[in-house]
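Chemist: coords please:
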Amino acid sequence: MACGRQSGNCNGGSCEGAEQDLFSCSSSSCSDGRKQNKPTENKRLCSKCKEKETQVKANQTESVCGACLHASILAKFKGAVNSHGMILPTDKVLVAFSGGPASRVALEFVKEIQSKAQRDSDASRDSVLHVFHVGVAFVDESTALLVDSHEACQLIEEIKFIVSGKANPGEQTHIVPIESIWSDSADCKEKLLDLLASVHDTTGKEDLLGYLRMQVLQKVAVEHGYNKLVLGLCTSRIATHVVASTVKGQGYSLPADVQYVDARWKVPVVLPLRDCVVKELAMLCHLNSWKTVFTKALSTLAGSHFSVNSLIASFVALLQEENPSRERTIVRTAEKLNAFSFNQLPESEAIYQLHRRRREALRNCMTNNTYSELLCPICSGPLNDKDFVEMIKSLGTDSSLRAFLVAINNGETTSDLPSSDFQCLCCPSCQFQILHDQKSSSQQIHSLLPDVMKKRAVENIITNESWMRRQIEDCLLSEDDEDELHEACLNHTTEHLERLGK
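Modeler: Numbering: from 1, shown residues only. Have a look, this model is predicted:
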């Protein structure tokens, strides 16, 4: 984080060397011939409060103190929450916590909003004001990263220590291993390791781990009754994702990942820190003494050139050093793309309990419509309808697929889609990076994937059948129309026979 000083070396927000240069008088007009300090006149004050000494730069230009930095980021957080209805009084919110500065700030601010809501409820006369509930989830990836068991236990203890200090009575902390997505299998750890070993592309392996992480968070949220999932994704992470998705050929689904709200999941995902850069969040944690934990990832274990994602992260960081507004520019450019129908929260009865002005404002960012987007079974990215129709056409000559479609039409939704057909129903990026052209490798990966991804492919087939039926609905005959047509044809045939008889 850039410091507000003009000279000296910055060390965690304090500039001792700079203070000696700024506050020392070298003029020969001093009566006693010695240097005199004038801290009151030469200190650089915060550009907002004009009272405290500046410590950091916010928004790349404003030199502010720690308190004003906290207020600035909190204002962005609350603005995103209120303008998009991310957290309502009757919600049960699950905060995804990774131990990093972004998720730590998200947890602190959610707790701060909850505390204020609780104070307002306690101060009300009849105490009928609802206060939303908060839970915390941490996904343990030590099995996938082959981390030593002692080190993994130490990390979990640190996570518990951080979260327990902010937990209120009755709130839950969920620490779940990433292999729990195969909860119905006794050899879930072996399946995870075999799946990652089967994916030879390093970028695909890193992306697949992220997809599994999201599925685990959704599983925890659904099982424990949460209706919102808060992620600590910030501007810096999203900017890297924008460039990486463009490089990997995920341009069509890119608008879905850069919005404040993502309701394609069973539990909608919200990003209240989308407008904050990671350097400001890290400095806020440092100034407030909020402990963070470094968690290993595939890229940190293998080096900065491990995958496309790590290369893009280094590239965006270099751009940010040259121009501090690069990350925000990338995100602002990407958000101009047309969003999908699921990038709005479904309208809830909870908004009718809010104040009239806020209720009317939230109606503009919510929808009563249900989305019917086709999603990739692996990454859950939206699929182009035309491309999906071409996928279905390419599968039309497969006898196993025809048998599967017959089973679906007969109501047998538990049927398993053949591996070759499953691959054709995935997005091009997943086909290239995760699945392989070799039939044996593709079959092995398909057999190791969790059931939630296989069910997504079946849902796509069912959704496509319904979509095609709606397209030709006007051309189809109802049962009454069929009876009338049959009777008309019969009468016409009878009259024709009578004429021939005469």
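Chemist: which residues touch the helix or strand hosting Q443?
Modeler: Using DSSP states H and E, Q443 maps to helix 439-448. The contact list for helix 439-448, computed with CB atoms under 8 Å, 6 or more residues apart in numbering, reads 191, 194-195, 198-200, 419-420, 422-423, 434-436, 454. Every residue, glycine included, has its C-beta placed from N, CA and C.
Chemist: how does it look with 10 Å?
Modeler: Helix 439-448 has contacts (CB atoms under 10 Å, 6 or more residues apart in numbering) with 182, 190-200, 204, 208, 377-378, 416-423, 431, 434-436, 438, 453-454, 457.
Chemist: ok, of those residues, which come out buried?
Modeler: By neighbour count, with 16 or more other CB atoms under 10 Å, the contacts of helix 439-448 hold 182, 191-193, 195-196, 198-199, 204, 208, 377-378, 417-419, 421-423, 431, 434-436, 453-454, 457 as buried.
Chemist: show me those that map onto strands.
Modeler: Of these, none are assigned to strands by DSSP state E.
Chemist: any weak-confidence spans in the stretch 351-500 of the chain?
Modeler: Low-confidence regions of the stretch 351-500 of the chain, defined here as pLDDT under 70, cover residues 351-372, 390-416, 437-440, 463-486, 488-500.
Chemist: who's in contact with the closest residue to K205 other than its chain neighbours?
Modeler: Nearest non-adjacent residue to K205, counting by CB to CB, 6 or more residues apart in numbering: V199, 4.6 Å away. Counting by CB under 10 Å, 6+ apart, V199 touches K205, E206, D207, L208, L209, Q433, I434, L435, H436, S441, I445, L448.
Chemist: next one: Q433
Modeler: Contacts for Q433 were tallied using CB under 10 Å, 6+ apart; they are 199-208, 248-249, 307-308, 378-379, 427.
Chemist: cool, T333 as well?
Modeler: Residues in contact with T333 (CB under 10 Å, 6+ apart) are A239, V242, V258.
Chemist: any chance of TSV for those, columns pLDDT and neighbour count?
Modeler: As requested, the contacts of T333 are exported to TSV (pLDDT from 0 to 100; neighbours: other CB atoms under 10 Å):
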residue	pLDDT	neighbour count
A239	96	28
V242	96	24
V258	94	25
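Chemist: any chance of those residues in CSV, plus secondary structure?
Modeler: CSV is the format used below for the contacts of T333 (DSSP: H, G, I helix; E, B strand; the rest coil):
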residue, secondary structure
A239, helix
V242, helix
V258, coil
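Chemist: need those residues in JSON lines (columns: distance to E487).
Modeler: What follows is the contacts of T333, written out as JSON lines (distance: CB to CB, whole Å):
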{"residue": "A239", "distance to E487": "67"}
{"residue": "V242", "distance to E487": "62"}
{"residue": "V258", "distance to E487": "58"}
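Chemist: spatially nearest residue to V95 (excluding sequence neighbours)?
Modeler: Once flanking residues are discounted, V95 sits nearest to V230: 4.7 Å by CB to CB, 6+ apart.
Chemist: now L94. Nearest residue, chain neighbours left out?
Modeler: Leaving aside its chain neighbours, L94 sits nearest to Y226 (4.0 Å; criterion: CB to CB, 6+ apart).
Chemist: repeat for F306
Modeler: Nearest residue to F306, sequence neighbours excluded (CB to CB, 6+ apart): S299, at 4.6 Å.
Chemist: surely the one you found meets D207?
Modeler: No: between S299 and D207 there is no contact under CB atoms under 10 Å: 11.4 Å.
Chemist: and stretch 450-464, what's buried?
Modeler: P450, V452, M453, K454, R456, A457, V458, N460, I461, N464.
Chemist: which of those lies closest to V389?
Modeler: Among the buried residues of stretch 450-464, N464 lies closest to V389 (CB to CB), at 7.7 Å.
Chemist: what about the residue nearest to F306, how many residues close to it?
Modeler: 19 (other CB atoms under 10 Å).
Chemist: got it, and G100?
Modeler: G100 has 20 neighbouring residues, counting by other CB under 10 Å.
Chemist: who's in contact with it?
Modeler: By CB under 10 Å, 6+ apart, the residues touching G100 are A106, G232, C234, R237, V278, L281, A282, C285, T292, V293, F294, T295.
Chemist: which of these are buried, as a PyMOL select command?
Modeler: Applying 16+ other CB under 10 Å to the contacts of G100, the buried members can be selected in PyMOL as follows:
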select buried, resi 106+232+234+237+278+281+282+285+292+293+295
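Chemist: longest strand anywhere in this protein?
Modeler: The chain, longest strand under DSSP E: strand 133-140.
Chemist: could you look up the SS state of V93?
Modeler: With three-state DSSP as the basis, V93 sits in strand.
Chemist: quick check: the spatially closest residue to it that is not a sequence neighbour vs K78, distance?
Modeler: Here the nearest residue to V93 in space, its sequence neighbours aside, is K228; by CB to CB, 6+ apart that works out to 4.7 Å. Here K228 is placed at a distance of 16 Å from K78 (CB to CB, to the nearest Å).
Chemist: so these two - more neighbours on which side?
Modeler: Counted by other CB under 10 Å, K228 and K78 do not tie: K228 has more neighbours, with 22 against 17.
Chemist: and the helices in the stretch 101-250 of the chain?
Modeler: For the stretch 101-250 of the chain, the helices defined by DSSP state H, counting those that start in this stretch cover 101-123, 142-145, 149-164, 188-198, 202-223, 235-247.
Chemist: let me have those in CSV, extended by distance to S83.
Modeler: Converted to CSV, these look like this (distance: least, CB to CB, whole Å):
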stretch, distance to S83
helix 101-123, 14
helix 142-145, 37
helix 149-164, 28
helix 188-198, 39
helix 202-223, 23
helix 235-247, 17
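Chemist: so what's N338 closest to, chain neighbours aside?
Modeler: Distance criterion CB to CB, 6+ apart; nearest residue to N338, sequence neighbours excluded, is P255 at 6.1 Å.
Chemist: whoops, I mixed them up, V293
Modeler: Nearest to V293 is G99, by CB to CB, 6+ apart, at 3.3 Å.
Chemist: what's the burial count for I73?
Modeler: Here the count is done by other CB under 10 Å, and I73 has 22 residues near it.
Chemist: one step back: beta partners of the residue nearest to V95?
Modeler: Under DSSP bridges, the beta-bridge partners of V230 are V95, V270.
Chemist: residues touching it, list them.
Modeler: With contact set as CB under 10 Å, 6+ apart, V230 has these partners: 81, 86-87, 93-97, 103, 106-107, 109-110, 134, 136-137, 269-273.
Chemist: next: V270.
Modeler: Going by CB under 10 Å, 6+ apart, V270 touches 80-81, 84-87, 93, 106, 228-231, 233, 259-263, 345.
Chemist: let's see it at 6 Å
Modeler: Contact analysis of V270 by CB atoms under 6 Å, 6 or more residues apart in numbering lists M86, K228, V230, V261.
Chemist: please apply the same query to I175.
Modeler: Going by CB under 6 Å, 6+ apart, I175 touches F138, I156.
Chemist: let's go with 7 Å and repeat that
Modeler: I175 makes contact with F138, D140, I156, I159, according to CB atoms under 7 Å, 6 or more residues apart in numbering.
Chemist: farthest-apart pair in these, please.
Modeler: The most widely separated members of those, counting by CB to CB, are D140 and I159 (8.7 Å).
Chemist: returning to what we had before: gap between the residue nearest to N338 and F340?
Modeler: Shown here: P255 relative to F340, a distance of 6 Å by CB to CB.
Chemist: E157 too?
Modeler: Applying CB to CB, the value for E157 to F340 is 41 Å.
Chemist: buried ones in the helix or strand hosting the residue nearest to N338?
Modeler: Counting by DSSP H and E, the element that carries P255 is helix 254-257. Going by neighbour count (16+ other CB under 10 Å), the buried part of helix 254-257 is L254, P255, A256, D257.
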